[in-house]
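Student: fold the stuff below for me.
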Amino acid sequence: MKYNKINNEWENVGNPIICKNVVIADGAKILGPIIIGEYSFVAAGAIITKDVPANSIAYGVNQFKDKDTNYDFVYNSNMIKFEKIIEANKKLIKIFNEGVNS
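Tutor: The predicted structure is shown next:
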């Protein structure tokens with residue numbers, strides 16, 4: 001918010017409104033009197049100072065796009081088993097180690 005000395009009034013007054021079922025990832029900044037629409041996802045590190053429509057992915061600096069309804073972010077009732085994550089990481093470590101020793 002800022003005070004306009006010419007008009008003798010405050011501008012940009014208000015706080016962000018976060019609608020239902022919005023996920024905000026680590027390090028995201030949501031600033032000013034804006035609205036983040038329902039079922040939206042704000043990506044890690046995003047800086048958002050403009051309204052975000054419902055069912056969107058917000059990223060970067062004031063960038064957003066429609067959320068692909070074929071994918072869920074962060075949570076789904078059919079959650080991945082931790083063993084599958086460990087297996088994937090072991091494959092990545094193997095690829096990394098092979099590259100380092102080449």
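
Student: now do the strands in the chain.
Tutor: With strands called from DSSP state E, the chain shows them at 2-4, 9-11, 17-18, 23-24, 29-30, 35-36, 41-42, 47-48, 56-59, 63-66.

Student: quick check: which of those is nearest to Gly99?
Tutor: The closest approach between Gly99 and any of those, judged by CB to CB, belongs to strand 56-59 at 29.2 Å. In this view, the C-beta of every residue, glycine as well, is placed from N, C-alpha and C.

Student: strand partners (parallel or antiparallel) of the closest one?
Tutor: Sheet pairing of strand 56-59 (DSSP bridges) gives strand 41-42 (parallel), strand 63-66 (antiparallel).

Student: quick check: Val12 touching Lys2?
Tutor: Quick fix: residue 12 is Asn, not Val. Yes. Under the criterion of CB atoms under 8 Å, Asn12 makes contact with Lys2 at 5.9 Å.

Student: the more surrounded of the two?
Tutor: Asn12 (11 against 8; other CB atoms under 10 Å).

Student: quick one: low-confidence ranges for the chain?
Tutor: 74-75, 101-102 (pLDDT under 70).

Student: swap the cut-off to 50 and go again
Tutor: For the chain, no stretch has pLDDT under 50.

Student: hang on, the earlier thing: turn the strands paired with strand 56-59 into JSON lines, columns for distance to Ile95 and mean neighbour count.
Tutor: Rendered in JSON lines, the data for these read as follows (distance: least, CB to CB, whole Å; neighbours: other CB atoms under 10 Å):
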{"stretch": "strand 41-42", "distance to Ile95": "29", "mean neighbour count": "24"}
{"stretch": "strand 63-66", "distance to Ile95": "31", "mean neighbour count": "14"}
